[in-house]
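>>> next come a sequence and a model predicted from it.
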Amino acid sequence: MRLCIPTATSEGKSAQVYGHFGSAPYFTVYDSQQDMIEVLPNMNHIHQHEACQPLGALQGKQIDAVICGGMGMRALQMLQAQGIKAYFASPGTVDQTISRYLGRQLPEITLDNACAGHGHGQGCH
């Protein structure tokens, strides 16, 4: 299982989970089979609303799930088209988030609760 967790810093398992998928400065990828972390910079984290392209940083990384504070509908649809599920993270570190995910304590992000733009929807942070 490979989890992508958007983070504010590149501190690995001690990094804090970032509030929103597309504008995160980093993507921390956790490989549960090898218990390894890879940190990828999000070169597209500064953008106008609905103009993000965060999946470019994840291309070729075989991600199974994204865990973040929130995400927009467009990003969710792009993930779903690739068979990637998304989950809401509680505030905390990457390590805490991985534990919550493995304990099945994180709700899934769906089209019904994703950010619909301009601050509307549960997934807007």
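Happy to help now that I have it.
>>> any idea of the mean pLDDT in the helix or strand containing residue 101?
Element membership for residue 101 (DSSP states H and E) is helix 94-102. Averaging pLDDT along helix 94-102 gives 97.
>>> that helix packs against which elements?
Applying 3 or more Cβ pairs under 8 Å, 6 or more residues apart in numbering; DSSP states H and E, one finds that helix 94-102 makes contact with strand 2-7, strand 26-31, strand 65-68. C-betas here are computed from N, CA, C, even on glycine.
>>> and the contacts of that helix?
Helix 94-102 has contacts (Cβ atoms under 8 Å, 6 or more residues apart in numbering) with 3, 5, 7, 12-15, 17, 28, 30, 32, 37, 65, 67, 87, 89-90, 92, 106.
>>> any idea how far the most far-flung residue of the chain relative to its centre is from residue 73?
The C-alpha centroid of the chain is most remote from residue 34, which lies 20.0 Å away (Cα atoms, centre = their mean). Residue 34 sits at a distance of 33 Å from residue 73 (criterion: Cβ to Cβ, to the nearest Å).
>>> please apply the same query to residue 96.
Taken as Cβ to Cβ, the span from residue 96 to residue 73 is 27 Å.
>>> compare those two and say which is more crowded by neighbours.
Ranked by neighbour count (other Cβ atoms under 10 Å), residue 96 and residue 73 place residue 73 first, with 19 against 16.
>>> which residues pair with the closest residue to residue 36 other than its chain neighbours across the strands?
The shortest distance from residue 36 to any residue other than its chain neighbours is 7.5 Å, reached at residue 30 (Cβ to Cβ, 6 or more residues apart in numbering). Beta bridges link residue 30 to residue 3, residue 37, judged by DSSP bridges.
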